[in-house]
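Asker: A structural model of the following input is requested.
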Amino acid sequence: AIFVFTALAFMAFDYMVQRRQNALVAIAKKQNKIMASIFPNSIRRKLLDDDDASKIQKSNKSKKIGKDGLKIFLSNDDDGEGQGLMATKPVADLFPDTTVMFADIANFTAWSSEREPSQVFSLLESVFHEFDLIAKHRKVFKVEVNGDCYVAVCGLPDPRKNHAVVMARFANECLHKMRDITHRLEVKLGPDTSDLLLRVGLHSGPVVAGVLRGDRSRFQLFGDTVNTAR
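Answerer: Numbers count the residues shown, from 1 in each chain. Sure thing, here's the model as predicted:
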């Protein structure tokens, strides 16, 4: 009886451990998917490498300062995230040949002012989801969405000789997809939904791109190329 009870207890414990591990793996995959949607692969690897280096540096420092110093070290806010952030070199670089696209929805403000919040988000999610699929297919990097504006770039982190052509085709496909979506959602979101049009700005040239680190790190583009496309 004792053997049976021990075996059952061991099996139950093993099941709980396996379940916990599966949950952790699922969380890790979800976090990696989110990271992949925000940062290019090369930038993501650099961030992870810097994070590992920062942890090692902090660990080595904690070994040197002893038990009393460790308590001070862990409770000192000034020696934490702020200095850890500044201890590593910024993740940024100059990309000489890129094409940037800004695409926003014309008359969106007037249209959204007469809609329920759920209807506004229904339109934006439908439109930008389709844009994401096109970007993935054409290997265009989505930088961010700011309100009704979709920002994308081609030519980084990996250079592409035909970046302008790829981005022009991407923009053209987005224009057609926008028209299809607004006509399809007209019954659900109102008769004037099909009047919404996509306004696109493109420009080619060099950009400075990198991760603006902080509480909510973001991949950002800077330069005259970005300003002109906007």
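Asker: need the helices for the protein, in chain order.
Answerer: Remark: helices assigned in the chain by DSSP state H are 2-38, 41-64, 66-75, 81-87, 108-112, 117-138, 163-184, 186-189, 224-229.
Asker: output the lowest mean pLDDT helix or strand found in the protein.
Answerer: helix 66-75 (a mean of 42; mean pLDDT, DSSP states H and E).
Asker: rank the helices of the chain by pLDDT, which is bottom?
Answerer: Looking at the helices of the chain, the lowest mean pLDDT belongs to helix 66-75 (a mean of 42).
Asker: pretty sure Val100 contacts Leu221?
Answerer: Yes - with contact defined as CB atoms under 8 Å, Val100 reaches Leu221; the gap is 6.4 Å. C-beta coordinates here come from the backbone N, C-alpha and C atoms, glycine included.
Asker: now do the shared contacts for these two.
Answerer: 151, 153, 207 (CB atoms under 8 Å, 6 or more residues apart in numbering).
Asker: so the last one touches Val226, yeah?
Answerer: Yes - with the criterion set as CB under 8 Å, Val207 and Val226 qualify as a contacting pair; they are 6.0 Å apart.
Asker: now the common contact residues for the two.
Answerer: The contact sets of Val207 and Val226 overlap at Val100 (CB under 8 Å, 6+ apart).
Asker: who has more neighbours, the two?
Answerer: Val207 (26 against 21; other CB atoms under 10 Å).
Asker: the more buried one: what's it in contact with?
Answerer: 94-95, 98, 100, 153, 156, 221-223, 225-226.
Asker: repeat for Leu175
Answerer: Applying CB under 8 Å, 6+ apart, the residues near Leu175 are 198, 200.
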